[in-house]
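In: sequence and predicted structure are below.
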Amino acid sequence: MAEHHAPALDPNDPRLVEVNDPADIFPELESTAVGDLLRWHNLPESRGSMPLSSARARLLVSMCMDHRADLIIPNEFAYILRSAGGTLRDSDFEVQYAVAVGGVTEIALLAHTDCGMVGVSGKRAKFVDGLVARGGCTADFANNEFDRFSTLYEQHDVVAFVVHECRRLEAMLPSLRATPLLYRVADDKLLQIRTTL
Ligand SMILES: [Zn+2]
């Protein structure tokens, strides 16, 4: 869902903190499932400690459906919800189920760079033409669908969005630890997000 004229995220954004070494991981994440995710995904030398299977899910991950983002994690480690832009707006029950029945106590919300949902409401012509050409529907139908959905999925600041979603989920489920992260598509690395700025 890349869009080349969408505004790029500033690589020097002070909210973003890279994980290039285990010591870079925020202390409060060190012994969490998100800490393991950061180590296993970002640091190849840490993968010796990665079990082949996790036996039970420890984490719920919410991320965009973008085809360029994939996580390096053990089998059975995480429930994964994917949606356009990674929104959980219509997924409260999935979150509740993963906690209540799946037994997870942590959720990671992943924003990503170059998300197609940034500026999506300006992509009407491309959406309508593409849906007519490859979906086989009428232009009227495509226009109506665009009107129904595009503003709901519009993203401006993807980092602020996942921080906000984390707060919303923690307000709904106060014992749940919700951690915002950024997936950098250019090098497939996960970055931490400072929420105190
Ligand atoms: Zn995206």
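Out: Now that the structure is in, tell me what you want to look at.

In: so what's residue 147 up against?
Out: With contact set as C-beta atoms under 8 Å, 6 or more residues apart in numbering, residue 147 has no partners. No exception for glycine: its C-beta is placed from N, CA and C like everyone else's.

In: give the next helix or strand downstream of the helix or strand hosting it.
Out: Following DSSP states H and E, one finds residue 147 within helix 139-153. Note on helix 139-153: by DSSP H and E, the next helix or strand toward the C-terminus is helix 158-172.

In: so the helix holding residue 147, near the ion or not?
Out: No: judged by C-beta under 5 Å from the ion, helix 139-153 makes no contact with the ion; its nearest approach is 9.6 Å.

In: same check, this time on stretch 8-18
Out: No: for stretch 8-18, no contact with the ion is found by C-beta under 5 Å from the ion; the gap never falls below 11.7 Å.

In: what residues of the helix holding residue 147 count as buried?
Out: For helix 139-153, the buried set under the neighbour-count rule, 16 or more other C-beta atoms under 10 Å, comprises 142, 146, 150.

In: show me what contacts residue 95?
Out: 60, 81, 88, 107, 169, 172-173.

In: find the nearest non-adjacent residue to residue 163, please.
Out: Sequence neighbours aside, residue 180 is the residue nearest to residue 163 in space, at 4.8 Å (criterion: C-beta to C-beta, 6 or more residues apart in numbering).

In: could you list every helix and strand that whichever strand or helix holds that neighbour packs against?
Out: Element membership for residue 180 (DSSP H and E) is strand 177-184. Of the remaining helices and strands, those touching strand 177-184 by 3 or more C-beta pairs under 8 Å, 6 or more residues apart in numbering; DSSP states H and E are helix 33-42, strand 106-112, helix 158-172, strand 189-193.

In: give me the below-cutoff pLDDT ranges for this structure.
Out: Applying pLDDT under 70 to the chain flags the ranges 1-7, 197.

In: how is it divided into domains?
Out: Per the record, the chain has its domains at 16-115+156-193, 119-154, by automatic domain parsing.

In: among the ones you listed, which is the most enclosed?
Out: Of all the domains of the chain, domain 16-115+156-193 carries the top mean neighbour count, a mean of 17, counting by mean count of other C-beta atoms under 10 Å.

In: okay, how far is it across that domain, tip to tip?
Out: Separation of the first and last residues of domain 16-115+156-193 by C-alpha to C-alpha, to the nearest Å is 5 Å.

In: tell me the bridge partners for the nearest residue to residue 17 once chain neighbours are set aside.
Out: Distances taken as C-beta to C-beta, 6+ apart place residue 192 nearest to residue 17, at 4.3 Å, with adjacent residues excluded. Applying DSSP bridges to residue 192 yields these beta-bridge partners: residue 17, residue 181.
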